[in-house]
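# I need the structure of the sequence given here:
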Amino acid sequence: GTLTLSEQLGMKVAKVVLDPGHGGKDPGCIGKSGLMEKEITLDVARRLKKLLKEKLNLQVIMTRDRDVFVPLDERTAIANREKADLFISIHVNAAEDPSLSGVETWFLDFAASERAKKIAARENLYFQKPRSDLDKILNDLLFNSRTQESSRLAEIIQNDLTSGLNQKFKDIQSHGVKGAPFVVLVGARMPSVLSEISFMSNPTEERRLKSTKYRNDIAKSLFNGISRYVNSSEYAFSAKIPKNPSE
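Residues are numbered from 1 along each chain as shown. Below is the predicted model of the structure:
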């Protein structure tokens, strides 16, 4: 068939890289029951991959598809090598206050609040390069033109994550969309977000995370967000172009 203009200009989302947080020697956060973040993120990513392939016919690449350690800077490097159109990193949250619960979605931003920097510091723990290198990398990316698209992607995903889970479970708090200097998002040449899908430190959410149903609902909600972003990107783009009557 003939290509639409958005396809000709490469505006179509065709390939997504899913990044299940942590893995191998890095378990991520660990719940009271011993549940590990690295297991949850992989399980949710696998479910999401299936949906993206079957329902949107997207090509999906995982930064890891088993329990292995992948350095943070290698994760976006994979997405860049693959020339992916989107990069979605999946994480589970943790806080000192066990009453904190809910979901939040992050994009890369350097003018971040102190809380944002703290959260990023926790996730950046396994970054091996000397600090000065990291500062240089961050400065180089300060004017990342993808920030705007990343924050739009984050907004859509966050909305769907919250509303999707709220249909099935009560009191899902939305902490909204925020920017922070996450190493795992640095260097990505495509819109990229990091979703914190629940709090391991909250007893109710830890219990939910153990259930297949909850993990499935998270994957479905993430899928709905990505799907809406993909469609809105194509629509926004094609809406600016006069339709060819012969199409």
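# any idea how far E196 is from G102?
9 Å (Cβ to Cβ, to the nearest Å). (Each C-beta comes from the backbone N, C-alpha and C, glycine too.)
# Of those two, which one has the most company?
Using other Cβ atoms under 10 Å, the more surrounded residue of E196 and G102 is E196, with 25 against 20.
# who's in contact with the residue lying closest to G179 once chain neighbours are set aside?
The shortest distance from G179 to any residue other than its chain neighbours is 2.3 Å, reached at D109 (Cβ to Cβ, 6 or more residues apart in numbering). The neighbours of D109, taking Cβ atoms under 8 Å, 6 or more residues apart in numbering as the test, are A116, T147, S151, K178, G179, A180, P181.
# Where do the helices of this structure begin and end?
For the chain, the helices defined by DSSP state H cover 5-8, 37-56, 72-81, 114-123, 131-140, 147-166, 203-209, 212-239.
# Can I get those in JSON lines including distance to R66?
What follows is those, written out as JSON lines (distance: least, Cβ to Cβ, whole Å):
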{"stretch": "helix 5-8", "distance to R66": "34"}
{"stretch": "helix 37-56", "distance to R66": "8"}
{"stretch": "helix 72-81", "distance to R66": "15"}
{"stretch": "helix 114-123", "distance to R66": "21"}
{"stretch": "helix 131-140", "distance to R66": "28"}
{"stretch": "helix 147-166", "distance to R66": "25"}
{"stretch": "helix 203-209", "distance to R66": "20"}
{"stretch": "helix 212-239", "distance to R66": "17"}
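# Output these in TSV, with mean neighbour count and distance to G187 appended to each entry.
TSV is the format used below for those (neighbours: other Cβ atoms under 10 Å; distance: least, Cβ to Cβ, whole Å):
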stretch	mean neighbour count	distance to G187
helix 5-8	14	26
helix 37-56	20	20
helix 72-81	19	5
helix 114-123	16	15
helix 131-140	12	7
helix 147-166	21	13
helix 203-209	19	30
helix 212-239	18	21
